[in-house]
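Chemist: mind folding the following:
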Amino acid sequence: MSNAENSTTKPIIHEGPSVSVPASEISFINTGVKTEKGELRAGRAYGDLQNGRHGTFVRMPAGFKSPVHTHTEDYFAIVVEGVGSNHPVGAEAEPLPKGSYWFQRGEEAHVTECLSETDCLFFIVQPGKFDYVIDETANKK
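Modeler: As a prediction, this is how the structure comes out:
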């Protein structure tokens, strides 16, 4: 039986036309998320991080350590450049070199860092809009 004949098969939904974008042509914008080491910058791959489902490059300055924070939505991340870490509150930073992956559950407090001496570049995929909610209680400890 073909997919067309099987009524229980979900229809295939395509995202739009195929595209290829060289790294040099990805435009990065300031996110407003800052520490004394600098500001996170975001480069759009697809979708819109401010309004819904998206794939976004995130450039994190060398030595950047986020305050304890959460995101409403789950997200998936891949380390493209540098050595990062994403860990629960109170846990030791685990070095994640280029090619490493993490999954961050939404509404779960965590810390994200760039452990390398060079900037980190992460690629994140999220099913909903990106938010960054600082946990004021945890950061006062």
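
Chemist: use CA for all of it now, contacts and neighbours both
Modeler: Will do.

Chemist: and the helices in the protein?
Modeler: Ranges of helices within the chain are 136-139, based on DSSP state H.

Chemist: looking at it, which helix or strand is least sure?
Modeler: Least confident helix or strand, the chain: helix 136-139 with a mean of 74, by mean pLDDT, DSSP states H and E.

Chemist: pull the residues that contact that helix.
Modeler: Identification of contacts with helix 136-139 by Cα atoms under 8 Å, 6 or more residues apart in numbering yields 67-68.

Chemist: now do it: distance to the chain's middle.
Modeler: Centroid separation for helix 136-139 versus its chain: 22 Å, with Cα atoms, centre = their mean, to the nearest Å.

Chemist: how close does the residue lying closest to F28 once chain neighbours are set aside get to E108?
Modeler: Distances taken as Cα to Cα, 6 or more residues apart in numbering place G43 nearest to F28, at 4.2 Å, with adjacent residues excluded. In this view, G43 and E108 are 24 Å apart by Cα to Cα, to the nearest Å.

Chemist: looking only at neighbour counts, state which of those two leads.
Modeler: G43 (20 against 15; other Cα atoms under 10 Å).

Chemist: residues contacting that one?
Modeler: By Cα under 8 Å, 6+ apart, the residues touching G43 are 26-29, 56-58.

Chemist: one more: G99?
Modeler: Contact analysis of G99 by Cα under 8 Å, 6+ apart lists 78-80.

Chemist: can you redo these as TSV with pLDDT?
Modeler: Converted to TSV, the contacts of G99 look like this (pLDDT from 0 to 100):
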residue	pLDDT
I78	98
V79	98
V80	98
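
Chemist: pLDDT below threshold where in this structure?
Modeler: Within the chain, the stretches with pLDDT under 70 are 1-7, 141.
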